[in-house]
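Undergrad: For reference, the sequence and a predicted model appear below.
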There are 2 protein chains.
Amino acid sequence: MELDDVSATGTCCAPLSGPALDESEASELAKVFKALSDPVRLRLLNMIASADGGEACVCDLTGAFELTGPTISHHLKVLRQTGLIDGERRGTWVYYRVVPERLTRLSGLFALPALAPA
Amino acid sequence: MELDDVSATGTCCAPLSGPALDESEASELAKVFKALSDPVRLRLLNMIASADGGEACVCDLTGAFELTGPTISHHLKVLRQTGLIDGERRGTWVYYRVVPERLTRLSGLFALPALAPA
């Protein structure tokens, strides 16, 4: 997995304890948290982030829930719209993986000064 | 600011790339993200987290928005219910500060293996 060294520079990942969020940034982040405000979507993101090889087949994700395929697909679409995950169709199935930069950005958002010096 | 060394032990802060979230943990986290899915609440949390001396008076927070005092108080109550902030009344005003352990828990949630080895 390639990771841009974003947390070290601080340019992309200003923490909440740092500079003031402007309204547009706050609105954009609010949409991301809206997407995460659902237990099924959190569990899907968890399954994708922890998948062997870094990617999870939609066929594996669907089986873990007592939900229909279309419902799972809807939740995956919401996650994908936030940029937290990306999907690629290969043959019959779509395979999902996390977008490391987006997770790192959220991790940095909640970092505290003592843990992540500016 | 005192910080428990929670991210180092990993016991409180399993990342999304780690063990499976159970349903109750996913539901609890979903509520936290629901609280964060509002731009005004994000900006309030930002203002509290970045306040000089680590705390912000509700009198300062209210003045930054074109919203009524009761509306700001409602948003602060929602944030407080998540455990992300705590408030203390001293004299006329309530003073808010972040709860470092809760922010660190969220930071750890989005940490990636390369950045936060298990």
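TA: Now that the structure is in, tell me what you want to look at. From a predicted model like this one, the values you see are computed outputs, not experimental measurements.
Undergrad: and whichever strand or helix holds A:Arg105 with helix B:100-109, angle?
TA: Assigned by DSSP states H and E, A:Arg105 falls within helix A:100-109. Using axes from the mean of the first three to the mean of the last three CA atoms, to 10 degrees, the inter-axis angle of helix A:100-109 relative to helix B:100-109 is 170 degrees.
Undergrad: If you count contacts, what does helix A:100-109 end up packed against?
TA: Under the contact criterion of 3 or more CB pairs under 8 Å, 6 or more residues apart in numbering or on different chains; DSSP states H and E, helix A:100-109 touches helix A:6-9, helix B:100-109. Placement of C-beta: from N, CA and C, glycine included.
Undergrad: what about A:Ala26, is that helix, strand or coil?
TA: Recorded secondary structure, A:Ala26: helix (DSSP: H, G, I helix; E, B strand; the rest coil).
Undergrad: Report pLDDT for the nearest residue to it once chain neighbours are set aside.
TA: Leaving aside its sequence neighbours, A:Ala26 sits nearest to B:Pro39 (CB to CB, 6 or more residues apart in numbering or on different chains; 3.8 Å). pLDDT, B:Pro39: 97.
Undergrad: Assess the claim that B:Pro39 and A:Glu23 are in contact.
TA: Yes. Contact criterion CB atoms under 8 Å: B:Pro39 and A:Glu23 qualify, at 6.5 Å.
Undergrad: Between the two, point out the one with more neighbours.
TA: Higher neighbour count among B:Pro39 and A:Glu23: B:Pro39, with 20 against 11, using other CB atoms under 10 Å in any protein chain shown.
Undergrad: Might you report the residue contacts of that one?
TA: By CB atoms under 8 Å, 6 or more residues apart in numbering or on different chains, the contact list for B:Pro39 reads A:23, A:26-27, A:29-30.
Undergrad: swap in A:Thr68?
TA: Listed by CB under 8 Å, 6+ apart, A:Thr68 has no contact partners.
Undergrad: pLDDT value on it, please?
TA: pLDDT recorded at A:Thr68 is 94.
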